[in-house]
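Visitor: heads up, no residue letters with this:
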């Protein structure tokens, strides 16, 4: 009895080792993902919404691939909270590797392919960094690996063939095109099985053809690539690159190698083990270099701070040269939200008007940013339009909140109530939605609110078509209606200054007399007025510009080292490229 217990120790020790190995993998993934991509998780949470209600679940769960989609949406809602995105993603990736190794160990117990099973994990991790990838693809992969592990427990050939046929159909219904991966893996396994039934391949091919034809006939998918390829797990508006296929390819190759090695006793070969480590390290390093987040991570960080209204964090992380219009848009919006756009815009290296208002390319990301910018400048109509565009594309919860705000501002209470009802079914937004119910059908409550009330005051009572005469004129009309609306006029003025359009800037000040809006004109406005005074030396005197600013302008004009004045509109106007009146 004692000897039999001792004989069981080696297998137990081996099992314990693999468990520890995958725990280490989970820990390493968590540390890496939390350090490298924590803002990615916050950003991705905004790309879809999930309602905890039976009508919503019923609508989605019983669609083709519905289970994978629902599980993905359920998990995504927790990305809103710190650390949970890294924990969930690490668990999914580790689970895929663990199931992969469980399958390999049953096919070839002594293959020594433990390290190689990290290749699908790496491939899945890298495709996760693509914002157009749907996490339902990873859920589907896990479901397929679970089915393959169960299949390997079926010893009798005829029962296993029945299992294959049922598994393919069930996987297609529950998870989509991942059934094709199952079919390919099971085919490789059965071909390596000397007792395979000859009609197996015929049955598999016929079933896959039937699935494709049925999907096309019932308009489940618009293209066969969504039936048979991992393209099904990528935003249909974009064509996926080769990266999305690597997880499938790596799984197929590892299974093929395991089947080739078989169940023969193999000696441990250090060179084989080292080769696996080298391959995994190279794939991981090169993959992160070419397919990692890169510059996107910085933009995602700014997006997070914008969503959470941490304006100072945006400015701290963007001090110095800004190398993209996106960054500058965040910087200028942060300054506007702090009431400092007119004073400090040229403390940052500006690059024209596109760094103030980025051109609309109809993408969800740009539309989200523009909705925030228009909201900051009090153009509620355009902010609502952009928010609706995003909500239609991706169901962005943040833009759903914006639709609540804009409809409350307009007094469109039934519409706002509808959106509040949706948010109340969302775990991370229920509290916010409940807090906004008090504004429904209560104009006085909206008027008294610091945010909504101030935005409502800027609404123009007469109808007008946005941007027909130009955004600058819209902003001037908004400011004319509400003289205390500093944001609108600062955006309009800085827009002229970034275009070096001094004539229209002068007309804005003189004809509309916006100088009275401010206790003292913003610094950049003062600096622009002094440029106007080059031809009219006494022009600046009517605007109560401090003598210190006048003296600094005089010093600037005389100085041979203009870079000392790099934080001024003068430097931007005279020393940078672009149009000048």
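Guide: Perfect, I can see it now. Only a predicted model underlies this, so the values are computations on that prediction, with no experimental measurement involved.
Visitor: break this protein into its domains for me.
Guide: With domains defined by automatic domain parsing, the chain comprises 17-291, 298-457, 498-575.
Visitor: let me have those domains in CSV, adding mean pLDDT and distance to residue 488 as columns.
Guide: All C-beta spots, glycine's among them, are computed from the backbone N, C-alpha and C. Converted to CSV, those look like this (pLDDT from 0 to 100; distance: least, C-beta to C-beta, whole Å):
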stretch, mean pLDDT, distance to residue 488
domain 17-291, 91, 27
domain 298-457, 92, 5
domain 498-575, 87, 9
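Visitor: between these, which one is closest to residue 489.
Guide: Taking C-beta to C-beta, domain 498-575 is the member of those nearest to residue 489, at 5.0 Å.
Visitor: may I have the distance across the closest one, first residue to last?
Guide: 13 Å (C-alpha to C-alpha, to the nearest Å).
Visitor: could you do stretch 48-57 as well?
Guide: End-to-end distance for stretch 48-57, by C-alpha to C-alpha: 14 Å.
Visitor: now that stretch: buried residues?
Guide: Under the neighbour-count criterion of 16 or more other C-beta atoms under 10 Å, stretch 48-57 has 48-51, 56-57 buried.
Visitor: can you check stretch 68-77 too?
Guide: Neighbour counts using 16+ other C-beta under 10 Å place 68-73, 75-77 of stretch 68-77 among the buried residues.
Visitor: how about stretch 346-362?
Guide: Neighbour-count burial for stretch 346-362 flags 346-353, 355-358 (criterion: 16+ other C-beta under 10 Å).
Visitor: before we move on, back to that, for residue 456, state which of the buried residues of stretch 48-57 is nearest.
Guide: Nearest to residue 456 among the buried residues of stretch 48-57: residue 49, at 26.7 Å, using C-beta to C-beta.
Visitor: now do the closest residue to that closest one other than its chain neighbours: how many residues are near it, please.
Guide: Take residue 49 and drop its neighbours on the chain: the residue closest to it by C-beta to C-beta, 6 or more residues apart in numbering is residue 395, 4.2 Å away. Residue 395 is flanked by 18 other residues according to other C-beta atoms under 10 Å.
Visitor: got CSV for the domains of the chain, with distance to residue 475 too?
Guide: Formatted as CSV, the domains of the chain follow (distance: least, C-beta to C-beta, whole Å):
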stretch, distance to residue 475
domain 17-291, 27
domain 298-457, 6
domain 498-575, 9
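Visitor: would you say residue 441 is within a helix?
Guide: No - counting by DSSP: H, G, I helix; E, B strand; the rest coil, residue 441 is located in no helix; its state is coil.
Visitor: number of residues surrounding the residue nearest to it when sequence neighbours are not counted?
Guide: Once flanking residues are discounted, residue 441 sits nearest to residue 413: 5.0 Å by C-beta to C-beta, 6+ apart. Around residue 413 there are 17 other residues, counting by other C-beta under 10 Å.
Visitor: go ahead and confirm residue 413 touches residue 440.
Guide: Yes - Residue 413 is within contact range of residue 440, at 5.1 Å (criterion: C-beta atoms under 8 Å).
Visitor: inside helices: which ones of the buried residues of stretch 48-57?
Guide: Applying DSSP state H to the buried residues of stretch 48-57, the entries found in helices are 56-57.
Visitor: export the buried residues of stretch 48-57 to TSV and tack on distance to residue 225?
Guide: Output for the buried residues of stretch 48-57, formatted as TSV (distance: C-beta to C-beta, whole Å):
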residue	distance to residue 225
48	22
49	27
50	27
51	30
56	28
57	28
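Visitor: looking at the buried residues of stretch 48-57, which is nearest residue 387?
Guide: residue 49 (13.3 Å).
Visitor: let me see the contact set for the closest one.
Guide: 73, 77, 395-397, 400, 422, 426 (C-beta atoms under 8 Å, 6 or more residues apart in numbering).
Visitor: the domains of the chain: which one's closest to residue 474?
Guide: Set against residue 474 and scored by C-beta to C-beta, the domains of the chain come closest in domain 298-457, at 6.2 Å.
Visitor: for the closest one, how far is the first residue from the last?
Guide: The first-to-last residue distance of domain 298-457 comes to 35 Å (C-alpha to C-alpha).
Visitor: now do stretch 339-350
Guide: Terminal residues of stretch 339-350 are spaced 18 Å apart (C-alpha to C-alpha).
Visitor: contacting residues around that stretch?
Guide: Residues from elsewhere that reach stretch 339-350 (C-beta under 8 Å, 6+ apart): 318-322, 328, 331-332, 335, 486-487, 490-491, 493-494, 497-498, 518, 521-525, 527, 566-569, 571-572, 576.
Visitor: please state the offset of it from the chain centre?
Guide: Chain-centre distance of stretch 339-350: 28 Å, with C-alpha atoms, centre = their mean, to the nearest Å.
Visitor: what kind of secondary structure is residue 490 in?
Guide: When classified by three-state DSSP, residue 490 comes out as helix.
Visitor: switch to numbering from 26
Guide: Yes, from this point I'll number from 26; that puts the last item at residue 515.
Visitor: wait, which of the domains of the chain is closest to residue 503?
Guide: Comparing these under C-beta to C-beta, the one sitting nearest is domain 323-482, at 5.6 Å.
Visitor: can you map out the helices along the stretch 476-606 of the chain?
Guide: Ranges of helices within the stretch 476-606 of the chain are 496-506, 511-523, 527-537, 548-557, 572-583, 594-600, based on DSSP state H, counting those that start in this stretch.
Visitor: now the fifth one and helix 548-557, what's the angle there?
Guide: When axes from the mean of the first three to the mean of the last three C-alpha atoms, to 10 degrees is applied, the directions of helix 572-583 and helix 548-557 differ by 60 degrees.
Visitor: pull out the buried positions in helix 572-583.
Guide: Using 16+ other C-beta under 10 Å as the test for burial, helix 572-583 gives 574, 577-578, 581.
Visitor: what separation do you get for residue 577 and residue 327?
Guide: Separation of residue 577 from residue 327 (C-beta to C-beta, to the nearest Å) stands at 32 Å.
Visitor: likewise residue 556?
Guide: Relative to residue 327, residue 556 is positioned 31 Å away (C-beta to C-beta).
Visitor: what of residue 168?
Guide: 36 Å.
Visitor: and what of residue 235?
Guide: In this view, residue 235 and residue 327 are 49 Å apart by C-beta to C-beta.
Visitor: can you check residue 398 too?
Guide: Taken as C-beta to C-beta, the span from residue 398 to residue 327 is 13 Å.
Visitor: then residue 600?
Guide: Distance, residue 600 to residue 327, using C-beta to C-beta: 27 Å.
Visitor: check contacts around residue 405.
Guide: If you count contacts by C-beta under 8 Å, 6+ apart, residue 405 has them with 399, 431, 434-435, 480, 483-484.
Visitor: over to residue 401?
Guide: 358, 361-362, 512, 516.
Visitor: and the residue nearest to residue 74, its phi and psi?
Guide: phi 70, psi 40 (degrees, to the nearest 10).
Visitor: helix/strand/coil for the closest residue to residue 294 other than its chain neighbours?
Guide: In this structure, residue 294 finds its nearest non-sequential neighbour in residue 137, 7.2 Å apart by C-beta to C-beta, 6+ apart. Under three-state DSSP, the three-state class of residue 137 is coil.
Visitor: hmm, residue 137 is touching residue 298, no?
Guide: Yes - the pair residue 137 and residue 298 passes the contact test of C-beta under 8 Å, sitting 6.4 Å apart.
Visitor: residues making contact with stretch 75-88?
Guide: 91-92, 94-95, 98-99, 101-102, 447, 450-452.
Visitor: so which of the residues you listed is the closest to residue 303?
Guide: residue 101 (35.1 Å).
Visitor: if we can go back for a sec, from the contacts of residue 405, which two are the most distant?
Guide: Checking those with C-beta to C-beta, the most distant pair is 399 and 435, at 14.1 Å.
Visitor: looking at these two, which is more packed in?
Guide: Shown here are residue 399 and residue 435; by other C-beta under 10 Å, residue 399 has more neighbours (26 against 17).
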